[in-house]
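K.L.:
Model the structure of this input:
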Amino acid sequence: MSIAAPTRSRVRLLTAAATVALAALSLTACNNGDGVRDEGASQQPSKSAPAGGDSGKDTSAGSTTGDNTGTGTDTGTGSGNGTGSGATTKPKPQPASTGKNNPTAAASRVTCNGSTVKVTAQSVSRPVNHMLLTVTNTGSKRCDLYGYPALRFGEAQSVPPVIDDSQPQAVVSLSPGQSAYAGVALSGGDDGGGANGRTEKTLEVFFQGRNTNDGGPGAKAALPAKGVYVDDSLKVTYWQQSMSDALTW
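P.N.:
Coordinates of the predicted model:
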């Protein structure tokens with residue numbers, strides 16, 4: 001009996017040791033078996049796929065960066081060309097010309113008078129008993145017509161009065177070759193029934209200066225061969241830029 005008890009204890013101990021050993025072998029087999037390799041194979045593609053995706057994104061980003069660089073270059077070139085064109089075509093301020101070759105320069109302006117203009121007179125149907133004076137600048141400089149024409153019919157000792165309402169807002173100025181006008185009311189009423197009616201066959205036109213009634217030499221205007229009938233209601237308009245304005249009164 002004293003010998004059998006130790007034997008059973010040893011058997012139990014060996015059995016337990018064998019069980020532990022088997023468990024260790026099973027655990028070792030699990031760590032080195034297919035399960036570990038499957039997990040490794042599963043994880044590797046998972047890590048590789050994102051890496052491959054990141055690489056693709058980097059390539060795309062690189063392409064986009066290239067496009068942006070190209071666009072930046074085009075914009076820079078366009079801006080550069082625009083600036084160059086602007087600098088090339090930008091006009092430079094020029095001093096005002098006062099030379100004698102510029103007919104509109106202040107130093108080239110003169111007063112219109114008999115030495116620089118031609119005067120014609122013609123009868124008109126409307127208004128009745130009216131005549132139209134036309135003055136044309138025959139000189140090489142711009143001339144200014146001040147005020148109104150001072151008319152002398154025949155041997156008259158006075159000039160007709162002006163129609164105040166006909167005064168324009170600005171002095172009439174004529175470039176070379178340009179014309180201006182004045183209307184003449186020869187007699188009063190539709191039937192010319194004014195006082196001291198008479199027929200005149202000559203006419204002289206005198207001009208006013210800027211600050212004086214004497215604007216220089218006058219000019220003769222030819223009248224119809226039969227002359228024109230005038231009376232004491234004779235009046236004239238201020239010089240006008242247009243024919244229609246001259247015949248308004």
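
K.L.:
all helices for this structure, in order.
P.N.:
4-32, 34-89, 243-246 (DSSP state H).

K.L.:
Mind telling me which of those the model trusts least?
P.N.:
The stretch with the lowest mean pLDDT among those is helix 34-89, at a mean of 45.

K.L.:
Residue 218 contacts residue 204, doesn't it?
P.N.:
Yes: with contacts counted by Cβ atoms under 8 Å, residue 218 reaches residue 204, the gap being 5.1 Å. All C-beta spots, glycine's among them, are computed from the backbone N, C-alpha and C.

K.L.:
Find residues that contact each of these two.
P.N.:
residue 152 (Cβ atoms under 8 Å, 6 or more residues apart in numbering).

K.L.:
and residue 219, bridged to which residues?
P.N.:
Here residue 219 shows beta-bridge partners residue 205, assigned using DSSP bridges.

K.L.:
What distance do you get for residue 163 to residue 139?
P.N.:
28 Å (Cβ to Cβ, to the nearest Å).

K.L.:
should've said residue 118
P.N.:
Taken as Cβ to Cβ, the span from residue 118 to residue 139 is 10 Å.

K.L.:
what residues are up against residue 246?
P.N.:
132-133, 181-183, 237, 240.

K.L.:
mind putting these in CSV, neighbour count and distance to residue 213 included?
P.N.:
Below are those laid out as CSV (neighbours: other Cβ atoms under 10 Å; distance: Cβ to Cβ, whole Å):
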residue, neighbour count, distance to residue 213
132, 16, 23
133, 23, 18
181, 20, 21
182, 28, 16
183, 23, 20
237, 26, 17
240, 23, 20
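
K.L.:
Can I get the residues you listed in a markdown table including pLDDT and distance to residue 212?
P.N.:
Formatted as a markdown table, those follow (pLDDT from 0 to 100; distance: Cβ to Cβ, whole Å):
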| residue | pLDDT | distance to residue 212 |
| --- | --- | --- |
| 132 | 98 | 26 |
| 133 | 98 | 21 |
| 181 | 98 | 23 |
| 182 | 98 | 19 |
| 183 | 98 | 24 |
| 237 | 98 | 21 |
| 240 | 98 | 22 |
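
K.L.:
Closest one of those to residue 208?
P.N.:
residue 182 (11.8 Å; Cβ to Cβ).

K.L.:
Who are the contact partners of the closest one?
P.N.:
Shown in contact with residue 182 (Cβ under 8 Å, 6+ apart): 132-133, 135, 148-149, 236-240, 246.

K.L.:
what does residue 236 give?
P.N.:
Taking Cβ under 8 Å, 6+ apart as the criterion, residue 236 is in contact with 133, 148-149, 151, 160-163, 182-185.

K.L.:
mind redoing it with 10 Å?
P.N.:
Taking Cβ atoms under 10 Å, 6 or more residues apart in numbering, we find residue 236 in contact with 131, 133, 148-151, 159-163, 166, 182-185, 205, 246, 249.

K.L.:
Distance-wise, check it relative to residue 110.
P.N.:
23 Å.

K.L.:
can you check residue 165 too?
P.N.:
Taking Cβ to Cβ, one finds residue 165 at 29 Å from residue 110.

K.L.:
With neighbour numbers in mind, choose between those two.
P.N.:
residue 110 (16 against 9; other Cβ atoms under 10 Å).

K.L.:
Quick check: buried residues in the longest strand anywhere in the chain?
P.N.:
Criterion DSSP state E: the longest strand present in the chain is strand 143-153. For strand 143-153, burial by neighbour count (16 or more other Cβ atoms under 10 Å) applies to 143-153.

K.L.:
Dump those into TSV; add pLDDT as well.
P.N.:
Below are these laid out as TSV (pLDDT from 0 to 100):
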residue	pLDDT
143	97
144	97
145	97
146	97
147	96
148	97
149	97
150	97
151	97
152	97
153	97
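
K.L.:
Could you single out the nearest of the contacts of residue 182 to residue 211?
P.N.:
Closest to residue 211, out of all of the contacts of residue 182 and judged by Cβ to Cβ, is residue 148, at 15.4 Å.
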